[in-house]
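build me a model from this:
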Amino acid sequence: MTSTCEKKGSTKNTIQSLFSVPDSYKVPAYQRAYSWDEEHLSQFINDIEEQPVKKPYYLGHFLFEAVEEGGNSVYVIDGQQRMTTLALFFGCLMRVLSNRHDQQNGQSPINLDAIRECYLERKYEMRFDTVRDDQVLFRDLVLNGSSSSEAKTRSQKRLKKACDYFAKVMENKDTSTLLRWNKTVQEAEVTHFRVHDKVQSTQIFTLQNSRGKELTELEKLKAYLMYQVYLHAPDGLENHAIKRIESHFENIYRESESIKRLDEDAVLRHHDRAYSSHSPDNSPTDNLKKDIDAVTDNVKKVETIESFCKQLATSFSHVIHLEGLISIQELIADPIILDGANSWPFLLKLYAIYGDKIVHEPELKQLLKNVEITLFKFAFLHGRSSNDLVNYTKRLKGEDNVKWLQDEMKRCSQYSFRHRGDFNLTFRAFLDGDYHYTRSFRYLLWKYENFKTFDNDRKVSPGDYLNEFYEAKMETTIEHVAPQAGSYPDEFRNHFINNLGNLVFIPKGLNSTLSDKPPLEKAPILAATTYGSNHEIAEMIAESNKWTEDEIKERKRRIIVFSLMRWAAET
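Residues are numbered from 1 along each chain as shown. Predicted structure coming up:
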């Protein structure tokens, strides 16, 4: 029976020798949490599955930093994604093999207790532990394969999925295959550096490439900033300066795990577009390099970097607050739904100035309304105007010049950005057309639905529209009243099937129920829903006992009257 982690004389630098030392490995809080998805796990399994028996498997390079408090712990600066995966792998492998041997009442061909002590837990201390916020869930998954803790953040959900993935894959493999995998991984060759201060770890991490998931733009930016701090901090204060940057990134990564709609690079990009004075077409890193290079004094360079990191951490926090408002506040959700790329920077800047007051102060509410009108109009002026919202955002410095932006967006609500055309004339031309089966008109029909719903009844919230709360069948869509599959004259098919008057806003599940039923059969189904616009169609069909060009024209007329009122410019 082969022992594990007792080959002290081995000269090979392997995963086994890496864990043979007394040290336990930890992930510092300023590192991002677990980020491997199924594609990375699948690649890991494919690698060890296809690895020739007589050839060593290379698992990449690791960078460790001694923990200053002493003891037998080291920080994993580079390689924590692979180490996290290894812990989950060995935990699952041990459980699968243990269950099989218990069922067969036989002796295990490998020492499972040694695997546990080497790679998972020794004297009640984890041999490897992930970032602090994920530790309880991670330990349960590694040691038990399940956890009573709810997986709340993205990294926690990935940890749970990785554990489930390994369990599913291993259950379908015979024991000899699993034993071969165990040998391949334990004997996998690695290289590693162990450094004793942050200056060394910053230099090495910045200059080296490692195998694994490609670094995000935020990770690359962090490495660049920490290296710049090392270069420009006063002699003897490098470690202290790097620590301050690490503390900001600890906040950034903690906040990023609570963000649902945006990944870390998207937040970085929106922050850059909101605050950088340089072109939004450049990368955030390139724009920040310009700012740092423009500063000649080394101390001020470090201050510039720290100020940026602090402001970036604040933006991550503001995204969380704004996400909470998106679900319930149309004033916040509408610009995001219409044009997230340009609206997120604007909302980040506005929220930084006013906080939650943006949905309570009348003048700010009107500003947001004018932004929504302008962005909606822009969809119909595409190709004839330029979206200047980000440029306006960059000029927004504080409460002292919000008045300028309010006046500008008031003009834009009538004439679009750069005042290239009259909104009402252009929009009316699209409404008068025959084809409205588009994303923009789904948004329009959502607003029309809420207009038709009585004030005391529940309206369709932004969270409903975005289907944040329900299963897939409740996602909202638009359906044809006169079905597309019907047999019609060319005139009717060309001018009325995809006409606004023939489109209705419904949940996707109801869409499948209605299917290709004729309008008279759809009427009682629509009447039974809670949607006011559905009731309108049902009543029109019941009144005339038909659904023809006349009914479609009349309903289109009603929607046009609403639309011109709903998206009228501020006077």
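
quick one, longest helix in this structure?
With secondary structure taken from DSSP state H, the chain has its longest helix at helix 298-326.

list the buried residues for it?
For helix 298-326, the buried set under the neighbour-count rule, 16 or more other Cβ atoms under 10 Å, comprises 301-302, 304-306, 308-309, 312-319, 322-323, 325-326. Backbone N, C-alpha and C define where each C-beta goes, glycine included.

where does residue 478 sit: helix, strand or coil?
Put simply, residue 478 is strand when judged by DSSP: H, G, I helix; E, B strand; the rest coil.

report the contact partners of it.
By Cβ atoms under 8 Å, 6 or more residues apart in numbering, the residues touching residue 478 are 437, 441, 442, 445, 503, 504, 505, 506.

out of those, which end up buried?
By 16+ other Cβ under 10 Å, the contacts of residue 478 give 441, 442, 445, 503, 504, 505, 506 as buried.

show me what the last one is bridged to.
With DSSP bridges applied, the residues forming beta bridges to residue 506 are residue 477.

which pLDDT value belongs to it?
On pLDDT, residue 506 comes in at 83.

can you check residue 479 too?
pLDDT, residue 479: 89.

gap between it and residue 36?
Using Cβ to Cβ, to the nearest Å, we find residue 479 at a distance of 40 Å from residue 36.

now residue 234
The gap separating residue 234 from residue 36 is 39 Å, by Cβ to Cβ.

among those two, which residue is more densely surrounded?
More crowded of residue 234 and residue 36, by other Cβ atoms under 10 Å: residue 36, with 22 against 11.

C-terminal to the strand ranked longest in the chain, what's the next element?
Ranked by residue count, the top strand of the chain under DSSP state E comes out as strand 58-66. Under the assignment DSSP states H and E, the closest C-terminal helix or strand after strand 58-66 is strand 73-78.

pairing partners for that next one, with directions?
Counting by DSSP bridges, strand 73-78 is paired with strand 24-26 (parallel), strand 58-66 (antiparallel).

which of the ones you listed has the lowest mean pLDDT?
Taking the mean pLDDT of the strands paired with strand 73-78, strand 58-66 comes last: a mean of 86.

quick one: buried residues of that one?
Result for strand 58-66 [16+ other Cβ under 10 Å]: buried residues 59, 60, 61, 62, 63, 64, 65, 66.

right, and the fifth one touches residue 190 too?
Right, residue 63. No - look at residue 63 against residue 190 with Cβ atoms under 8 Å: they stay out of range, at 11.1 Å.

check contacts around the closest residue in space to residue 545 that isn't next to it in sequence.
Nearest residue to residue 545, sequence neighbours excluded (Cβ to Cβ, 6 or more residues apart in numbering): residue 520, at 7.3 Å. The contact partners of residue 520, by Cβ under 8 Å, 6+ apart, come to 541, 545, 546, 547.

those: which two are farthest apart?
Using Cβ to Cβ, those reach their maximum pairwise distance at 545 and 547, which is 9.1 Å.

list the residues that contact the nearest residue to residue 431 once chain neighbours are set aside.
Nearest non-adjacent residue to residue 431, counting by Cβ to Cβ, 6+ apart: residue 560, 4.9 Å away. Applying Cβ under 8 Å, 6+ apart to residue 560 gives the contacts 428, 431, 432, 500.

max pairwise distance over the residues you listed: which two?
428 and 500 (12.3 Å).

could I get the buried residues of strand 58-66 as JSON lines with distance to residue 30?
Listed next are the buried residues of strand 58-66 as JSON lines, based on distance: Cβ to Cβ, whole Å:
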{"residue": "59", "distance to residue 30": "24"}
{"residue": "60", "distance to residue 30": "21"}
{"residue": "61", "distance to residue 30": "20"}
{"residue": "62", "distance to residue 30": "17"}
{"residue": "63", "distance to residue 30": "14"}
{"residue": "64", "distance to residue 30": "15"}
{"residue": "65", "distance to residue 30": "11"}
{"residue": "66", "distance to residue 30": "16"}
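
out of those residues, who's nearest residue 282?
residue 63 (29.6 Å).

find the nearest non-adjacent residue to the closest one, please.
According to Cβ to Cβ, 6+ apart, the nearest residue to residue 63 is residue 78 (3.8 Å).

that older thread, max pairwise distance over the buried residues of strand 58-66: which two?
By the measure Cβ to Cβ, the buried residues of strand 58-66 have their two most distant members at 59 and 66, which lie 22.1 Å apart.

and the helix or strand hosting residue 100, what's buried?
According to DSSP H and E, residue 100 maps onto helix 80-104. Residues of helix 80-104 classed as buried: 80-97, 101 (neighbour count, 16+ other Cβ under 10 Å).

cool, stretch 13-21 as well?
14, 15, 16, 17, 18, 19, 20.

what's around residue 372, how many residues?
The burial count for residue 372: 24, using other Cβ under 10 Å.

help me confirm that it is found in a helix?
Yes - under three-state DSSP, residue 372 sits within a helix.

quick one: low-confidence parts of the stretch 451-571 of the chain?
469-475, 508-513, 515 (pLDDT under 70).

how about the chain?
1-12, 68-71, 102-109, 197-213, 382-385, 420-421, 423, 469-475, 508-513, 515.

domains of it?
Domain ranges of the chain: 15-207, 215-320, 327-420, 432-566, per automatic domain parsing.
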